[in-house]
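> could you work out the structure for the sequence below:
(2 chains)
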2 protein chains.
Amino acid sequence: MTETSINGVFSPVVTPFRKDLSPDTERWIKHCKWLLANNVGLAVFGTNSEANSLSADEKLEMLDRIVAAGVDPKRMMPGTGCCALTDTVRLTSHAVKKGCAGVLMLPPFYYKNVSDEGLYRSFSEVIERVGDARLRIYLYHIPPVAQVGITPALVERLLKNYPGIVAGMKDSSGDWDNTKTMLDRFAGSGFGVFAGSESFLLATLRHGGKGCISATANVNPSAIHQLFANWRSPDADRMQADLTALRAVFQKYFVISALKATVANYGNDPEWGRVRPPLVELTKEQQDALAAELKARGFAMAGLRG
Amino acid sequence: MTETSINGVFSPVVTPFRKDLSPDTERWIKHCKWLLANNVGLAVFGTNSEANSLSADEKLEMLDRIVAAGVDPKRMMPGTGCCALTDTVRLTSHAVKKGCAGVLMLPPFYYKNVSDEGLYRSFSEVIERVGDARLRIYLYHIPPVAQVGITPALVERLLKNYPGIVAGMKDSSGDWDNTKTMLDRFAGSGFGVFAGSESFLLATLRHGGKGCISATANVNPSAIHQLFANWRSPDADRMQADLTALRAVFQKYFVISALKATVANYGNDPEWGRVRPPLVELTKEQQDALAAELKARGFAMAGLRG
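Below you'll find the model as predicted:
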């Protein structure tokens, strides 16, 4: 089995939109570079990227542009799982060809009550069609949104048949017991488990996990990375408590809109607040309340305006 | 307001796949023609068409081919609602340009707990971008699968701002109270409500609805159409009971797989049984049990092998 070396803190990078709702690639690349400068990797095209509101063509073009702009694909783990097998294959192939470190793959999520057999066939078919030994798949378990989840039995079968290719998972169940089950069963063999939020970062690292992929890493990258880098320090529990408390501030709102409002606010760039339907921006009242609470906490995003 | 004349029984046409899982357009067009010969219209690219397992490119090509094959677009109501705004606009525009009678539009279904405001913006943005007075949208309410639903308040707002364009809905909630609410509130002004199954066909017609769009119309088109054509006859309740009983036979299984197994069986064409992941075919035991029960009921699909 090929060991994967991907670890650390990743951000499902929020996607800025122009007034016509097209992806604002320049602002996006700038934000990606700021995240990298803060030691956070790029899980572009995640849930919090509004990636499922983008067409495959739009995502392919964005990927081409960011690599052309000199961003290191080895720091990227783009989301490539779509409803349609053919879209997933196309995006995944492209990510591998561009040299991305891995891909984060949702199961096909429209049809409900599908079997593990059906999901196995779906992932297997993607792997066979991509047909590239460089492929590293991180399974994306996010039942609160996708509704369709990844069971331990499915992970086991995929690992048995595609060791190395099936390289890890992101657990966004919000259920530590589930993350712990995955860690206990699979982390020992090199399967890379990432928590879906920094609230579980310390626990995940203590149980052999690789890090976290978290929405709030879009706005709080340095502090989250600090915990990753110092999780064995005596101060780790306090750092974890601080991260969890800050995350709770954003969770009072629709998180994607709150993250974008915060980038807009701290970057002094109102364009950033825009979302693509079916999402809506925070109201002015919500923006003000969020900004006031962050200010009261002394929250900062150093270098964002640079 | 432009009155819509679309009514009757429609089928979300099942999509046959070749061994390589590509859409088998020839078999598909043949089945569409059989349905039309049995007085059932073509709601191609519906849930039961595995349409959400097809890319936008695949659907565009299929639509081009079926129109080129001489199938009347005025008998077609393709599904065009995707997660991504840009995909929905592209498919909807194409359907309008091809002369389709209407489109059946899912709300964007990945993000959960979205607001009516967000869904309104989504539908509104599609309508504005398509920008064609011929557009007729049928809103697709199927909360058991999409999870994201269409509320009466959303229908009201859309109807107010886009009368005529927002032409009706398909209610696949499986909840007659919801269908009745939609009929009572909107059918009087010409809004075309279709039941999502023939189990509610008679009740829907008695309350001013337009017909039904039903999975089982793929295999039982004539009998369902007979009820539509004779719903005022003294025999209507018995006809409804027969339809409901037959539908229950298919509902013992994953319905899409059961429909395809039945087309394969009655058409003597095993290729038809294939599904695209994440779905799986019926097992041999399930196929045999389904076939036996249909045979015991004297079920037939006249002209299917023709």
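> all contacts plus neighbour counts: C-alpha atoms, from now on.
Noted.
> need the three-state assignment for the closest residue to A:Leu106 other than its chain neighbours.
Leaving aside its sequence neighbours, A:Leu106 sits nearest to A:Gly81 (Cα to Cα, 6 or more residues apart in numbering or on different chains; 4.4 Å). Assigned state for A:Gly81: coil (three-state reduction, DSSP: H, G, I helix; E, B strand; the rest coil).
> quick one, what contacts A:Gly81?
Counting by Cα atoms under 8 Å, 6 or more residues apart in numbering or on different chains, A:Gly81 makes contact with A:87-88, A:92, A:104-108.
> at 7 Å instead, please
If a contact means Cα atoms under 7 Å, 6 or more residues apart in numbering or on different chains, then A:Gly81 has A:88, A:105-108 as its contacts.
> and A:Ala167, helix, strand or coil?
The three-state label given to A:Ala167 by three-state DSSP is strand.
> could you measure from A:Met177 over to A:Arg129?
One correction, residue A:177 is Asp, not Met. Applying Cα to Cα, to the nearest Å, the value for A:Asp177 to A:Arg129 is 34 Å.
> neighbour count: those two, which is higher?
Neighbour count, other Cα atoms under 10 Å in any protein chain shown: between A:Asp177 and A:Arg129, A:Arg129 has more, with 14 against 10.
> quick check, that one in a helix?
Yes - according to three-state DSSP, A:Arg129 belongs to a helix.
> and A:Arg305, how many neighbours?
Per other Cα under 10 Å, the neighbour tally for A:Arg305 reads 13.
> my guess is it contacts A:Gly267, does it?
Yes - using Cα atoms under 7 Å, A:Arg305 is in contact with A:Gly267, at 5.1 Å.
> thinking again about what came up before, take the contacts of A:Gly81 and keep only those in helices.
A:Thr88 (DSSP state H).
> how about JSON lines for the contacts of A:Gly81, with pLDDT, neighbour count and distance to A:Thr262 added?
Compiled in JSON lines, the contacts of A:Gly81 are given as follows (pLDDT from 0 to 100; neighbours: other Cα atoms under 10 Å in any protein chain shown; distance: Cα to Cα, whole Å):
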{"residue": "A:Thr88", "pLDDT": "98", "neighbour count": "25", "distance to A:Thr262": "31"}
{"residue": "A:Met105", "pLDDT": "98", "neighbour count": "23", "distance to A:Thr262": "27"}
{"residue": "A:Leu106", "pLDDT": "98", "neighbour count": "25", "distance to A:Thr262": "27"}
{"residue": "A:Pro107", "pLDDT": "98", "neighbour count": "27", "distance to A:Thr262": "30"}
{"residue": "A:Pro108", "pLDDT": "98", "neighbour count": "26", "distance to A:Thr262": "31"}
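> among the contacts of A:Gly81, which one sits closest to chain B?
Proximity of the contacts of A:Gly81 to chain B (Cα to the nearest Cα) peaks at A:Pro108, which lies at 6.7 Å.
> contacting residues for that closest one?
A:81-84, B:278.
> at 6 Å instead, please
A:82-83 (Cα atoms under 6 Å, 6 or more residues apart in numbering or on different chains).
> so how far is A:Cys212 from it?
With distances taken as Cα to Cα, A:Pro108 is found 23 Å from A:Cys212.
> coming back round to it: next up, phi/psi of the residue nearest to A:Leu106, please.
Main-chain torsions, A:Gly81, degrees, to the nearest 10: phi -80, psi 120.
> how about A:Asp171?
Dihedral pair for A:Asp171: phi -100, psi 100, per degrees, to the nearest 10.
> ok, now which ones touch it?
Counting by Cα under 6 Å, 6+ apart, A:Asp171 touches A:141, A:195-196.
> mind pulling up the pLDDT for it?
A:Asp171 is assigned 98 on the pLDDT scale.
> for A:Leu158, phi and psi?
When read as degrees, to the nearest 10, the backbone of A:Leu158 gives phi -70, psi -40.
> any idea of the pLDDT on it?
pLDDT for A:Leu158: 98.
> same thing with the one 5 residues further on?
Reading off the per-residue confidence, A:Pro163 sits at a pLDDT of 95.
> A:Arg305 now?
For A:Arg305, pLDDT reads 82.
> look up how far chain B lies from it.
Distance of A:Arg305 to chain B, given as Cα to the nearest Cα, to the nearest Å: 30 Å.
> for that residue, give me its contacts.
A:Gly267.
> tell me which helix or strand it sits in.
Using DSSP states H and E, A:Arg305 sits in no helix or strand.
> would you map the helices across the stretch 51-200 of chain A?
With helices called from DSSP state H, counting those that start in this stretch, the stretch 51-200 of chain A shows them at A:56-68, A:85-97, A:116-130, A:143-146, A:152-161, A:176-186.
> now tell me what touches the fourth one from outside.
So the one you mean is helix A:143-146. By Cα under 6 Å, 6+ apart, helix A:143-146 touches A:109, A:149, A:173.
> gap between that helix and the chain center?
Its chain's C-alpha centre and that of helix A:143-146 lie 14 Å apart, by Cα atoms, centre = their mean, to the nearest Å.
> flag every buried residue along it.
Within helix A:143-146, the residues that count as buried by 16 or more other Cα atoms under 10 Å in any protein chain shown are A:145-146.
> equivalent analysis for the first one, please.
By neighbour count, and taking 16+ other Cα under 10 Å as the criterion, the buried residues in helix A:56-68 are A:56, A:59, A:62-63, A:66-67.
> show me the contacts for the nearest residue to A:Leu36 once chain neighbours are set aside.
Ranked by Cα to Cα, 6+ apart and with sequence neighbours excluded, the top spatial neighbour of A:Leu36 is A:Leu42, at 7.6 Å. By Cα under 6 Å, 6+ apart, the contact list for A:Leu42 reads A:10-11, A:76.
> likewise for A:Cys83?
Contacts of A:Cys83 by Cα under 6 Å, 6+ apart are A:108-109, B:52-53.
> then A:Leu201?
A:Cys212.
> pretty sure it is in a helix, no?
Yes - under three-state DSSP, A:Leu201 sits within a helix.
> state the distance from it to chain B.
Distance from A:Leu201 to chain B, by Cα to the nearest Cα: 25 Å.
> any idea how far B:Leu202 is from that residue?
Here A:Leu201 is placed at a distance of 56 Å from B:Leu202 (Cα to Cα).
> ok, A:Gln240 next?
In terms of Cα to Cα, A:Gln240 sits 60 Å off from B:Leu202.
> now swap in A:Pro221 and tell me
To B:Leu202, A:Pro221 is 59 Å away according to Cα to Cα.
> one more: A:Lys210?
From A:Lys210 to B:Leu202 the distance is 58 Å (Cα to Cα).
> just to confirm, which helix or strand has A:Arg238 in it?
Assigned by DSSP H and E, A:Arg238 belongs to helix A:236-250.
> buried sites along that helix?
By 16+ other Cα under 10 Å, the buried positions in helix A:236-250 come out as A:236, A:239-240, A:243-244, A:246-247, A:250.
> chain B: which of those residues is nearest?
Distance to chain B across those (Cα to the nearest Cα) is lowest for A:Phe250, with 16.2 Å.
> ok, for the closest one, nearest residue in space, not its chain neighbours?
A:Ala258 (6.2 Å).
> what residues are bridge-paired with the residue nearest to A:Leu36?
A:Ser11, A:Met76 (DSSP bridges).
> is A:Lys260 in contact with A:Val275, as I believe?
No - using Cα atoms under 6 Å, A:Lys260 is not in contact with A:Val275, being 8.1 Å away.
> separation between the closest residue to A:Ser124 other than its chain neighbours and chain B?
Using Cα to Cα, 6+ apart and skipping residues adjacent in sequence, the residue nearest A:Ser124 is A:Leu158, 7.7 Å away. From A:Leu158 across to chain B, the span is 15 Å (Cα to the nearest Cα).
> before I go, just wanted to say thanks for your time.
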